[in-house]
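K.L.:
Pasting a predicted model and its sequence here:
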Amino acid sequence: MSDPVVLTEQIDGVQVVTLNRPEARNAINTATAEAIAAAMDELDRRDDLVASVITGAGSTFCAGMDLKAFLAGERPSVPGRGFAGIVEQPPAKPVIAAVEGHAIAGGFEIVLACDLIVAADNAVFGLPEVKRGLVAAGGGLLRLPERVPYHLAVEWALTGEFVPARLAHEVHLVSRLTEPGAARDTALDLARGIARNGPLAVRATKEIIRAARDWPSGEAFTRQQEFVEPVRSSADAKEGALAFKEKRAPVWQGR
């Protein structure tokens, strides 16, 4: 029996997803895309999971699409979720990328689909598609200008050159920089901090931040109410206030 192409585990309310094809630099084939999509569906479905960390086994986060599989006729995309089972429709709950080594091409696009990025200081990012006569169509060109200054995004995308993690951290693309080998544990600590908060509030907070970019400014406060009101009237909101009054840790129920 071969090892699963994606490993999942649950730790303290955090789902940890590990791309597990180190022999192929964790490149994405159809089976991997389907497994990632299944993990994202599970994350959104389970009340006991508040956040997720996605990382890669071995020394590489992800080298992008598996070109051998592509030439064999595979399409590493999942209806509704897109390439790698995540780039077109990330989950409603927060996802943190924990990057060691290279996150390039589709691998970088997976990272950009995440909400936070933790990277080892020797990690490398890049969209080298133009060097191969291709276009970074997995969300890289759509998300990168939202994450870094416009002219940097254009330079990185048009040259296809690799970007060291230290530079990505300097321009605030990477949230936390770590020693090599420590990205997963640092990302897990960050995710645990998120998971200690009210799960309904965490989900609504991400949904508002993501959706508000498309709201007309005059409608923003009205539109956010559809996310805010169910949380404000929830049992968890009452528990949060009571726990603060009683000076204890809240016991969330997710309702």
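P.N.:
All right, it came through fine. None of the values given here were measured: they were computed from a predicted structure. Numbering: from 1, shown residues only.
K.L.:
Can you classify residue 98 by secondary structure?
P.N.:
Secondary structure of residue 98, reduced to three states by DSSP: H, G, I helix; E, B strand; the rest coil: strand.
K.L.:
and the end-to-end length of stretch 123-137?
P.N.:
22 Å (Cα to Cα, to the nearest Å).
K.L.:
buried ones in it?
P.N.:
Residues of stretch 123-137 classed as buried: 123, 124, 125, 126, 127, 128, 129, 136 (neighbour count, 16 or more other Cβ atoms under 10 Å). (Glycine included, C-beta is placed from N, CA and C.)
K.L.:
all strands of the stretch 1-150 of the chain, in order?
P.N.:
6-11, 14-19, 51-56, 77-78, 82-83, 95-99, 102-104, 116-120, 124-126 (DSSP state E, counting those that start in this stretch).
K.L.:
any idea which of the buried residues of stretch 123-137 is closest to residue 239?
P.N.:
residue 123 (39.2 Å; Cβ to Cβ).
K.L.:
on that earlier part again, adding mean pLDDT and distance to residue 33 as columns, could you present the strands of the stretch 1-150 of the chain in a markdown table?
P.N.:
Conversion of the strands of the stretch 1-150 of the chain to a markdown table gives the following (pLDDT from 0 to 100; distance: least, Cβ to Cβ, whole Å):
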| stretch | mean pLDDT | distance to residue 33 |
| --- | --- | --- |
| strand 6-11 | 97 | 9 |
| strand 14-19 | 98 | 11 |
| strand 51-56 | 98 | 13 |
| strand 77-78 | 95 | 5 |
| strand 82-83 | 96 | 7 |
| strand 95-99 | 98 | 15 |
| strand 102-104 | 98 | 16 |
| strand 116-120 | 98 | 21 |
| strand 124-126 | 98 | 20 |
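K.L.:
Make CSV out of these and add distance to residue 188.
P.N.:
Formatted as CSV, the entries for the strands of the stretch 1-150 of the chain read as follows, by distance: least, Cβ to Cβ, whole Å:
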stretch, distance to residue 188
strand 6-11, 7
strand 14-19, 6
strand 51-56, 6
strand 77-78, 26
strand 82-83, 25
strand 95-99, 8
strand 102-104, 18
strand 116-120, 9
strand 124-126, 21
